[in-house]
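Participant: sharing a model prediction with you, sequence too.
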Amino acid sequence: DAGVTQSPTHLIKTRGQQVTLRCSPKSGHDTVSWYQQALGQGPQFIFQYYEEEERQRGNFPDRFSGHQYPNYSSELNVNALLLGDSALYLCASSLGDGNEQFFGPGTRLTVL
Amino acid sequence: AQSVAQPEDQVNVAEGNPLTVKCTYSVSGNPYLFWYVQYPNRGLQFLLKYITGDNLVKGSYGFEAEFNKSQTSFHLKKPSALVSDSALYFCAVRDMPDNDMRFGAGTRLTVKP
């Protein structure tokens, strides 16, 4: 049973570009959350998707958007990249509310 | 809104000694509390959670955590540390029904042989 998978593993972009990160949840999970983890910090919640809708959003600008597909996989899109967007982006999946989230290995985004 | 504090950036213990990694939280309702561990260049791995019930929660790899409502704490413990326990540990809290899970800044645990 595959856990949470993310692609790509690493990504290098320049300021102003756009990026799309992808996540496949653990089998049987219907909820996907995205987090940004800057170097030396804890993960910060970006948003959560359930039934193809954004259910909750953290304190991130509209440049960060997402999507969830009927098979529960999800994408994170970031427009107009800034140097400060450089971070490890983590996807986590869960089943229902209150349950633990299972994290993928992350995508390391570097913005030059 | 909920918040989590991990007061120690770094914890050093000798192999075989007990370890404690501290966490305090703030929520408006009943907390859902979690501990995760992160190894270098890896995602977070779930260790244990508290939702309701016994204040002492047992988790993976011999770790346990004690929920203390009066002190709003959820400290992670292990009776005998291993060198392989060296990693970054994160405490997290959810204030249901809010789905926003807040993480602490992390505590780096180093276990020396």
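Facilitator: Cool, got the structure.

Participant: measure residue B:84 to residue B:38 for me?
Facilitator: 14 Å (Cβ to Cβ, to the nearest Å). The C-beta positions use only the backbone N, C-alpha and C, and glycine is treated the same way.

Participant: more neighbours, these two?
Facilitator: residue B:38 (22 against 10; other Cβ atoms under 10 Å in any protein chain shown).

Participant: show me what contacts the more buried one?
Facilitator: Going by Cβ atoms under 8 Å, 6 or more residues apart in numbering or on different chains, residue B:38 touches B:44, B:45, B:87, B:88, B:89, B:90, B:106.

Participant: output the residues you listed in CSV, with secondary structure and neighbour count appended to each entry.
Facilitator: Formatted as CSV, those follow (DSSP: H, G, I helix; E, B strand; the rest coil; neighbours: other Cβ atoms under 10 Å in any protein chain shown):
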residue, secondary structure, neighbour count
B:44, strand, 28
B:45, strand, 16
B:87, strand, 19
B:88, strand, 18
B:89, strand, 24
B:90, strand, 25
B:106, coil, 23
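
Participant: if we only consider these, which is nearest to chain A?
Facilitator: Chain A lies nearest to residue B:44 out of the contacts of residue B:38, by Cβ to the nearest Cβ, at 4.2 Å.

Participant: now do the closest one, the pLDDT please.
Facilitator: The model reports residue B:44 with a pLDDT of 92.

Participant: just grab the bridge partners of it for me.
Facilitator: Beta-bridge partners recorded for residue B:44 (DSSP bridges): residue B:38.

Participant: now do the same for the residue positioned nearest the centre of chain A: its pLDDT.
Facilitator: Most central in chain A under Cα atoms, centre = their mean is residue A:34, positioned 3.3 Å from the mean C-alpha point. What the model reports as pLDDT for residue A:34 is 96.
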